[in-house]
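> Provided below for reference: sequence and predicted model.
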Amino acid sequence: MRSGIWPPLALGAGLIAVWEIYVRLAGIDALLLPPPSAVVRYLAENAAVLASNGAATLSELLLGFSIGVVIGLSLGILMQIWRWFREAAYPWLVATQMVPIPAVAPILVLWFGFTIVPKAATVALMSFFPVAVNTVDGLSSLNPELVRLLRTFGAGPWKVMRMAAFPAALPRIFSGVRVAMALSVVGAVVGEWVGSTHGLGYLMLHFENRGETAGLFATVAVLTVMGIILFFLVGWVEDWAISWRRHLKETL
Amino acid sequence: MITDAMAMRVRGVARTYRDRTQTVTALEGTDMDVPEGRFVTIVGPSACGKSTLLNLFCGLDKPDAGSIETPALGSGELLGRVGYMPQQDLLMPWRTVTDNAAVGLECLGCDREQARQRAREHMARFGLEGFELSYPGQLSGGMRQRVAMLRTFLCGRRINLLDEPFGKLDAMTRASMQTWLLDYWQENRCTIVFVTHDIDEALFLSDVVHLMSPRPGRILRSLEVDVARPRKYGEVVTSVHFNELKACLLESLGRSP
């Protein structure tokens, strides 16, 4: 991730060039596979539409993601401090992930209508789980000797949680948050597919029905770039929050 | 004979651990006196119950039988009132040297900035000057141990338990740390109960050495180390008297069943 932005860009440019040349030389129908140049043209000509729909998707995604992270963290902490709750709730949390989201999403639309709520709820439903699981795993992997030491200093359970367990669990928690972010992108689009009047997922269906393959590709491109930027933003926050990790491997 | 006031009086302390498959008697009828302001060492072979004893002394564990009185501290719960330094340094990799040293004070309810300030004041004395903002991952083993020791001593407890603090250090670092610890203790008198499996270390550091038997642990012999202070490492460990004391302990250990 740290080797710079150029290798992935160069690889991407190379693949796009191969795609363009192939489509042109083989004379593929643009309805089946449009050349990248047509997609780029579409992007440029419809920037405003894509931007406004992208903004809609982004707000659903961020709302749902934030709710998912908060719920995931809370559940993780509760499961750690309250053993009974952990044993009782864990199978049910797993169950929420076994229910197919495309089956749940229509029900959410039924309940909440064509608003932001069912989309954010879909995103939250998908993103809370990796955060909860990683939080409880991270918290419970704390060295018990450290807990004992802190107790001899007179620390109670909350101080142990705040001073030791939580900071020690942060790397694990962020692994969960990164997965949650990736799932959120999928969640937002699935939420829109089921019932919406705007958003990138809505645009995809729209283009698909009208056979505008270039538009479909352009929408996917916008969604992908958005997802990548969000994912790396999480990584950036992580590096900031766990800045001590940089010093782990150094020795005198 | 030592006639000082007692920091700790241990009588008939026993501790047995049970789980589904086995019963392990870690301690059996242990008696021990820890005079106030003295350096007392418990020495014994691995797994003889030394660490069990320290766990009881700091209140992390309770004896099955017997009593631990602490006239110096009065009666009541020991946990949170006796200083303890475990074998592992247990430094938090996300905290700087200063913030790690301040952990104990913070737990005691000290304001964070105030705790840091107190830690900074002691950096030079603990040989950590210039490393205040380093992270534990950047330190050598000896330095990590000094941070851990500072963390314990900063709490200002009257009784401090040190569990094999130099166990993982190489011999030369170990000798210099021992000398350093004695110097520090000379300046800041407190009662120290030190645990080690190294007889040389025990004799060099202590006023009194309690020798423990292999499991089930009990005190085989208590020996007063009548060597004048301040002690110089090279002089003391090569002296005839030191070797007589050492022979005494080895003989007691050899006679145990």
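Good, I have the coordinates.
> residue contacts, B:T52?
Applying C-beta atoms under 8 Å, 6 or more residues apart in numbering or on different chains, we find B:T52 in contact with B:15, B:26-27, B:61, B:217. From N, CA and C alone the C-beta is placed, and that goes for glycine too.
> Neighbours of the closest residue to it other than its chain neighbours, how many?
Using C-beta to C-beta, 6 or more residues apart in numbering or on different chains and skipping residues adjacent in sequence, the residue nearest B:T52 is B:A26, 4.3 Å away. Per other C-beta atoms under 10 Å in any protein chain shown, the neighbour tally for B:A26 reads 23.
> List the contacts of B:A26.
The contact partners of B:A26, taken as C-beta under 8 Å, 6+ apart, are B:15-17, B:49, B:52, B:215-217.
> What backbone torsions are found at the nearest residue to A:F231 once chain neighbours are set aside?
Spatial nearest neighbour of A:F231, chain neighbours left out: A:M181 (5.4 Å); criterion: C-beta to C-beta, 6+ apart. The phi and psi torsions at A:M181 (degrees, to the nearest 10) take the values phi -60, psi -40.
> Check B:T16 too.
B:T16 has phi and psi values of phi -120, psi 130 when expressed as degrees, to the nearest 10.
> could you list every residue that touches it?
Going by C-beta under 8 Å, 6+ apart, B:T16 touches B:23-26, B:64.
> so what's the residue located most distally from the centre of chain A closest to, chain neighbours aside?
What lies farthest from the middle of chain A is A:T152; by C-alpha atoms, centre = their mean that is 41.2 Å. Spatial nearest neighbour of A:T152, excluding adjacent residues (C-beta to C-beta, 6+ apart): B:Y84 at 4.1 Å.
> Buried only: go through the contacts of B:T52 for me.
Restricting the contacts of B:T52 to buried positions leaves B:15, B:26-27, B:61, B:217, with burial counted as 16 or more other C-beta atoms under 10 Å in any protein chain shown.
> what about residue 235, neighbour count?
Unless you meant another one, I'm taking chain A. Applying other C-beta under 10 Å, I find that A:G235 has 15 neighbouring residues.
> hmm, I had chain B in mind actually
Neighbour count of B:E235, defined by other C-beta under 10 Å: 10.
> helix or strand for A:A188, which one?
Element membership for A:A188 (DSSP states H and E) is helix A:166-194.
> I'd assumed B:V209 was in a strand, is it?
Yes. The assignment for B:V209 by DSSP: H, G, I helix; E, B strand; the rest coil puts it in a strand.
> what sits opposite it in the beta ladder?
Per DSSP bridges, the residues bridged to B:V209 are B:T41, B:L223.
> Surely it is in contact with B:T41?
Yes. With contact defined as C-beta atoms under 8 Å, B:V209 and B:T41 form a contacting pair (5.1 Å).
> residues bridging contact with the two, i.e. touching both?
Joint contacts of B:V209 and B:T41 (C-beta under 8 Å, 6+ apart) are B:A202.
> which residues of the chain fall in helices?
This is for chain A. Taking DSSP state H, the helices of chain A run over residues A:6-26, A:36-45, A:47-81, A:83-98, A:101-112, A:116-140, A:144-152, A:157-160, A:166-194, A:200-210, A:213-241.
> my question was about chain B
Per DSSP H, chain B carries helices over the ranges B:50-57, B:97-101, B:103-107, B:112-122, B:141-153, B:171-187, B:199-205, B:233-238, B:240-255.
> possible to save those as TSV with mean pLDDT?
Below are the helices of chain B laid out as TSV (pLDDT from 0 to 100):
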stretch	mean pLDDT
helix B:50-57	91
helix B:97-101	96
helix B:103-107	94
helix B:112-122	94
helix B:141-153	93
helix B:171-187	91
helix B:199-205	94
helix B:233-238	89
helix B:240-255	89
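> Any idea which of those helices gets closest to A:T219?
A:T219 sits nearest to helix B:97-101 of all those, at 48.7 Å, using C-beta to C-beta.
> Okay, buried residues for the closest one please.
Quick answer for helix B:97-101 (16+ other C-beta under 10 Å): B:97-101.
> show me what contacts whichever residue of the stretch 1-150 of chain A sits closest to chain B?
Nearest to chain B in the stretch 1-150 of chain A, going by C-beta to the nearest C-beta, is A:L146, at a distance of 4.9 Å. Going by C-beta under 8 Å, 6+ apart, A:L146 touches A:164, B:90, B:92.
> list the contacts for the second one?
Put plainly, it is B:L90. B:L90 sits in contact with A:143, A:145-146, A:149, B:148, where contact means C-beta under 8 Å, 6+ apart.
> Okay, the closest residue to B:R158 other than its chain neighbours and A:A218: tell me how far apart.
Nearest residue to B:R158, sequence neighbours excluded (C-beta to C-beta, 6+ apart): B:A72, at 5.4 Å. Counting by C-beta to C-beta, to the nearest Å, the gap from B:A72 to A:A218 is 78 Å.
> These two: who's more crowded?
A direct count of neighbours by other C-beta under 10 Å for B:A72 and A:A218 places A:A218 higher, at 26 against 19.
> Tell me how far the more buried one lies from A:R245.
For A:A218 relative to A:R245 (C-beta to C-beta), the value is 38 Å.
> closest point of the stretch 151-257 of chain B to chain A, which residue?
For the stretch 151-257 of chain B, C-beta to the nearest C-beta, closest residue to chain A: B:C155, 6.6 Å.
> Can you report how many residues lie near that residue?
21.
> Pretty sure it sits against B:Y84.
No. If you go by C-beta under 8 Å, B:C155 and B:Y84 don't touch, sitting 9.4 Å apart.
> list the residues that contact both of these two?
Counting by C-beta under 8 Å, 6+ apart, B:C155 and B:Y84 have no shared contacts at all.
> which residues touch the residue nearest the centre of chain A?
Central residue of chain A (C-alpha atoms, centre = their mean): A:M181, 1.6 Å from the mean position. Neighbour list for A:M181: A:65, A:127, A:227, A:230-231, A:234 [criterion: C-beta under 8 Å, 6+ apart].
> where does it land on pLDDT?
In this model, A:M181 is scored at 96, pLDDT.
> any idea how far it is from chain B?
Taking C-beta to the nearest C-beta, to the nearest Å as the measure, A:M181 falls 23 Å from chain B.
> I'd like to know how many residues surround residue 243.
This is for chain A. By other C-beta under 10 Å, 11 other residues sit near A:S243.
> that answer is for a different chain, and I need it for chain B
By other C-beta under 10 Å, neighbour count at B:N243 equals 13.
> What's the separation between it and B:R231?
15 Å.
> Same question for B:H122.
B:H122 sits 23 Å away from B:R231, going by C-beta to C-beta.
> which of the two has more neighbours?
Using other C-beta under 10 Å as the criterion, B:H122 and B:R231 rank with B:R231 on top: 20 against 16.
> picking that back up, so the residue nearest to B:R158 sits right up against B:A7, yeah?
Yes. Using C-beta under 8 Å, B:A72 is in contact with B:A7, at 4.3 Å.
> list residues touching both of the two?
B:36, B:158-159, B:191.
> Any chance of the residues you listed in CSV with neighbour count and pLDDT as columns?
Shown next, in CSV, are these (neighbours: other C-beta atoms under 10 Å in any protein chain shown; pLDDT from 0 to 100):
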residue, neighbour count, pLDDT
B:E36, 17, 92
B:R158, 16, 92
B:I159, 23, 94
B:T191, 25, 94
